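Peer 1: From the sequence below, what's the structure:
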Amino acid sequence: IDSEHVEARSIDLANKFRMGQGKGWTTLQAFQSLTYPYFERLLWDTLGEDIVNNKYDIVHRITPMSPTSPSPIASRCEAAGVPFVLGPINGGLPWPKEFDTERRREREWLSYVRGAYKLLPGHKQTLDAARAIIVGSSYTASEIPQEYRHKSIEISESAVDLSRFSLPVKEGISEPLSACFIGRLVPYKGPDMLLEAAAPLLRSGKLRLDIIGDGPLMDDIKKIIAKESIDGSVELHGWVPHQQLQDIAIRSDIFTFPSIREFGGTSILETMALGLVPVIVDYGGPGDNIPDHVGFKLQMDSKRNIVQELRQVLTRISDKPDQLLDMRRKGRDWIEQKYTWPQRAGQISEVYRWVLGQRDSRPQPFHWQSA
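Peer 2: Next up is the predicted model:
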């Protein structure tokens, strides 16, 4: 198998979904949850004898990431004496109560009963059998029952491929100040909130904005741009292959991403590797991954109040853009210290050593906000 081609194609497909070209993402996730037990049955039919005969030291279930999907083979691995590692699992982040309208527009009906999975027998059996449970966010960590937290390790699911986001950080600040948004154009990502908040600066020529992505809000976005008379300061790029993102993003000084329900927010980290300073909502993955000293964090609130606070933050940045220079350097350092794939591999290796008895203590949790 051409592994490099497979990896590139997988990333490309994932980013099509992220930017709005993939259709039926929720349906796909539901389908995967229904078919996963069958996949594990096929897996056991193929590899079960080898697992029982200790050909493998560890069985690590990486996907699906949803904590709602139990593993039928976890207890079989336990019975065979082979350590079963689960995760990273992530998800279940509640919709902010201030955005119930957006939840309905996203057709997130299952959010009403999302917690019911904890009552399913397969869920408890999976956690019982796992030697280690890797969780990908602080919220998911808080959802692990107390009786299993002694074998739970917090490791962020997000990291950056620095070979793909490799352009050198630009010198100085753009004139006018330049911002970008990367993501699917859907209600919870907040591209409409961004345009509404930034409109006065865009109209006055103090700010320019690149919007990278596509989705059902594209027509609405175009209408807002026309209504606010800001077409000269906003460029709509549509869907862009992942390999080409840095070529556009590097032009910007700040990454403006007011998403109100983000599990990871990898695009934030990727743009930080290029020197962009993030402006995000302090909730979910972005709140976990971005400390105060490397970005601007908006308080979760009503849509109206987020727009108002975002406008104030953008205005302050525009008035004193030199403040970005120090944050840019600290943000790049933060990525290099905390969010590379070799670092993630090292953390997972320590989990393996622990479950194999090669180290006495549980690996230290990944502390998102620690320096």
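Peer 1: How much space separates the residue nearest in space to the middle of the chain from residue 364?
Peer 2: For the chain, the residue nearest the mean C-alpha position is residue 264 (2.0 Å; CA atoms, centre = their mean). Note on residue 264: its distance to residue 364, by CB to CB, to the nearest Å, is 21 Å. C-beta: built from backbone N, CA, C; applies to glycine.
Peer 1: before we move on, what about residue 135?
Peer 2: Residue 135 is 14 Å from residue 364, by CB to CB.
Peer 1: can you give me the helices in the chain?
Peer 2: Along the chain, counting by DSSP state H, helices occupy 3-19, 25-52, 74-80, 100-105, 121-129, 138-143, 191-204, 218-227, 245-249, 266-273, 284-289, 303-319, 323-338, 341-355.
Peer 1: nearest to residue 169, of those helices?
Peer 2: helix 323-338 (6.2 Å; CB to CB).
Peer 1: got the contact list for that closest one?
Peer 2: 160, 162, 169, 173, 253-254, 269, 272-273, 275-278, 291, 293-295, 317 (CB atoms under 8 Å, 6 or more residues apart in numbering).
Peer 1: Narrow those residues to those that are buried.
Peer 2: 160, 173, 253-254, 269, 272-273, 275-278, 291, 294-295, 317 (16 or more other CB atoms under 10 Å).
Peer 1: nearest to residue 50, of those residues?
Peer 2: Among these, and counting by CB to CB, the member closest to residue 50 is residue 160, at 35.1 Å.
Peer 1: before we move on, back to that, what's near enough to touch the residue nearest to the centre of the chain?
Peer 2: Residue 264 sits in contact with 90, 136-137, 156-158, 285, 289, where contact means CB under 8 Å, 6+ apart.
Peer 1: switch the cut-off to 7 Å
Peer 2: Neighbour list for residue 264: 157-158, 285 [criterion: CB atoms under 7 Å, 6 or more residues apart in numbering].
Peer 1: Neighbour-wise, which one of these leads?
Peer 2: residue 285 (27 neighbours; other CB atoms under 10 Å).
Peer 1: isn't it right next to residue 261, touching?
Peer 2: No - at 9.4 Å, residue 285 does not count as touching residue 261 under the criterion of CB atoms under 7 Å.
Peer 1: how far away is residue 260 from residue 99?
Peer 2: Relative to residue 99, and taking CB to CB, residue 260 is found at 5 Å.
Peer 1: who has more neighbours, these two?
Peer 2: Set residue 260 next to residue 99 and count neighbours by other CB under 10 Å: residue 260 wins out with 24 against 20.
Peer 1: Per-residue pLDDT of the more buried one, please?
Peer 2: We have a pLDDT of 93 for residue 260.
Peer 1: quick one: the residue nearest to the centre of the chain from residue 90, how far?
Peer 2: 7 Å.
Peer 1: on that earlier part again, compare the mean pLDDT across the helices of the chain and name the weakest.
Peer 2: When I compare the helices of the chain, helix 3-19 is least confident, with a mean of 46.
Peer 1: residue contacts, residue 296?
Peer 2: 279, 313.
Peer 1: Could you rerun that using 8 Å?
Peer 2: 277-280, 313, 317.
Peer 1: Dump these into JSON lines; add distance to residue 144 as well.
Peer 2: Formatted as JSON lines, those follow (distance: CB to CB, whole Å):
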{"residue": "277", "distance to residue 144": "33"}
{"residue": "278", "distance to residue 144": "28"}
{"residue": "279", "distance to residue 144": "31"}
{"residue": "280", "distance to residue 144": "25"}
{"residue": "313", "distance to residue 144": "34"}
{"residue": "317", "distance to residue 144": "38"}
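Peer 1: which two in those are spaced the farthest apart?
Peer 2: 280 and 317, at 13.5 Å, using CB to CB across these.
Peer 1: What distance do you get for the nearest residue to residue 234 once chain neighbours are set aside to residue 175?
Peer 2: Leaving aside its sequence neighbours, residue 234 sits nearest to residue 209 (CB to CB, 6 or more residues apart in numbering; 4.9 Å). As judged by CB to CB, residue 209 and residue 175 stand 15 Å apart.
Peer 1: Name the residue in the two with the higher neighbour count.
Peer 2: residue 209 (24 against 10).
Peer 1: close enough to count as contact, that one and residue 256?
Peer 2: Yes - look at residue 209 against residue 256 with CB atoms under 8 Å: they come within range, at 7.4 Å.
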